[in-house]
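> Got a sequence here, can you build the structure:
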Amino acid sequence: MTTHNSRPGPEQGKHIYHYAHRRHFSRREGPNSLFFIHAAGRVPAVLCLLVFFFILFSGCLDHSLDYRAESGWAVGSSPDFTCTILHTDDGGITWKKQDIRPVLPGIACTDITAVDELTAWATLGEGTIPGGMIIHTSDGGATWTNQALPLAIPDGVKCVKGVSRIEAWAVGLKGPVMHTVDGGNTWRVVPTPGITLNQVNRIDVLGDDIWIADFGSGENGMIHSPDRGATWRREYLPGVAPGHGPMTASIVNSRVAWTSVNLQGDIYRTADGGSTWNIDAPGLLGPNDIDDVCAVLEDRAWMVQNTSGGGYAAKVTFNGASVSKTDWSFPDYVYEGVSAFDSDRAWIVGFRAPKASSDLPRGSILHTDDGGLSWVSQRLPVDDVDLWKVSFVGARR
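Numbering: from 1, shown residues only. Model prediction:
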């Protein structure tokens, strides 16, 4: 059984700032804060102060466990195919354009991955100049460095996924798979014996698992390594029409991952680590490309889809044998990337639809923190950039 709840999108170009910025704390806040609250009514104030200063001091020792702001990056390109990177450290209330001077006009951004507030990688490789690049920041984007690749990538580097400050995976449009364990100082080619990559669209990495969506390989286009690149296999997708293939990859855990097939609107999941893939929601979003999927639970994911008349965002939920979706239409913008923390908070990025007014900015970022009940168009520092992908620190993408 499929249920459908469709909602209109926000008025495009209208910037509404009516939501409160949320900050996120780790589990450290939970037990310590509860102890402090309960103790406050039962013990002398001096002891409460001691507990308070202990929490404060211990937090200073490990910032990674104490406080995480809503930091994120979005990438896109100007009309001359020059890469543009935007950054926020307040959930998108303020976006700033970052200086990436090593990048020349004519080579466009293709992907971005945010590891923490200081660390991110971006890939480049589409435009008027052949070849691919990987650029990296370790200071929150104050500086970006072009990293040396192990060989020329004539078709461009398509996508990247950061695992930690020192580890990341990347893949070219037609290969190869590349891996770094030293922050990008050295990238090495990871062999995929017997597997040729034809037209890669997405990569995701979690734990030992790496999934690559290779659209160009059709029904056998889910490329999977369950052991950190030691071995690789093709995984079969049933019901893929000739000329179609997987566009997305989003891992939940070692058993469950999601993908979608271009022009079919079908949503696939595996629940056994890729041994079998099932069409759990055939034709749910109609005959158009689902360009990005961000699964936040085994049974729930955000996704964006483009059409000639604009774009859609959707949240899909499985409940046993039934599936439900809530989607939103945006006639003025085509959305290509999504980054979500959970079922409530998500960001989507895209570019102006062909039929939209030329008076509108070329790029758009929308945000919801109430599960899509309302979408806020976030103010951007540029109006001549088509946005492509987005990644927030700590999000599922």
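> contacts and neighbour counts: CA atoms only from here.
Will do.
> Pro193: neighbour count?
When counting by other Cα atoms under 10 Å, one arrives at 9 neighbours for Pro193.
> Likewise for Asp384?
Look at Asp384: counted by other Cα under 10 Å, it has 16 neighbours.
> low-scoring pLDDT stretches of the chain, where are they?
By pLDDT under 70, the low-scoring segments of the chain are 1-69.
> can you give me the helices for it?
29-40, 45-61, 63-66 (DSSP state H).
> Contact partners for Leu197?
When the contact criterion is Cα atoms under 8 Å, 6 or more residues apart in numbering, the partners of Leu197 are Leu173, Lys174, Gly175, Pro176, Asp214, Gly216, Ser217.
> count of neighbours near the last one?
Using other Cα under 10 Å as the criterion, Ser217 is surrounded by 21 other residues.
> separation between the residue nearest the centre of the chain and Val103?
Central residue of the chain (Cα atoms, centre = their mean): Arg397, 3.3 Å from the mean position. The spacing between Arg397 and Val103, counted by Cα to Cα, to the nearest Å, is 24 Å.
> Also Gln305?
In this view, Gln305 and Val103 are 29 Å apart by Cα to Cα.
> Give me the more crowded residue out of the two.
Gln305 (26 against 19).
> Identify the residue nearest the more buried one in space, chain neighbours excluded?
Ile290 (4.2 Å; Cα to Cα, 6 or more residues apart in numbering).
> my guess is that neighbour meets Val304, correct?
Yes - checked against Cα atoms under 8 Å, the pair Ile290 and Val304 is within contact range at 5.8 Å.
> Please say which of those two ends up with more neighbours.
Taking neighbours as other Cα under 10 Å, Ile290 and Val304 compare with Ile290 leading, 32 against 26.
> Spell out which residues make up each domain of the chain.
Per automatic domain parsing, the domain ranges recorded for the chain read 2-23+70-392, 29-60.
> mind checking how far the longest one is from the chain centre?
Domain 2-23+70-392 sits 4 Å away from the centroid of its parent chain (Cα atoms, centre = their mean, to the nearest Å).
> and Pro381, what does it touch?
Remark: with contacts taken as Cα under 8 Å, 6+ apart, Pro381 is in contact with Trp95, Lys96, Lys97.
> And the residue nearest to Ala281 when sequence neighbours are not counted, how close does it get to Trp187?
Of all residues not flanking Ala281 in the chain, Ile267 sits nearest, at 5.1 Å (Cα to Cα, 6+ apart). Distance of Ile267 to Trp187, given as Cα to Cα: 33 Å.
> Ok, Cys109 next?
Taken as Cα to Cα, the span from Cys109 to Trp187 is 19 Å.
> More neighbours: the two, which one.
More neighbours surround Cys109 than the other of Cys109 and Trp187, with 33 against 23 (other Cα under 10 Å).
> bridging residues for the nearest residue to that one once chain neighbours are set aside?
Using Cα to Cα, 6+ apart and skipping residues adjacent in sequence, the residue nearest Cys109 is Leu124, 4.3 Å away. Legend: beta-bridge partners of Leu124 under DSSP bridges are Cys109, Met133.
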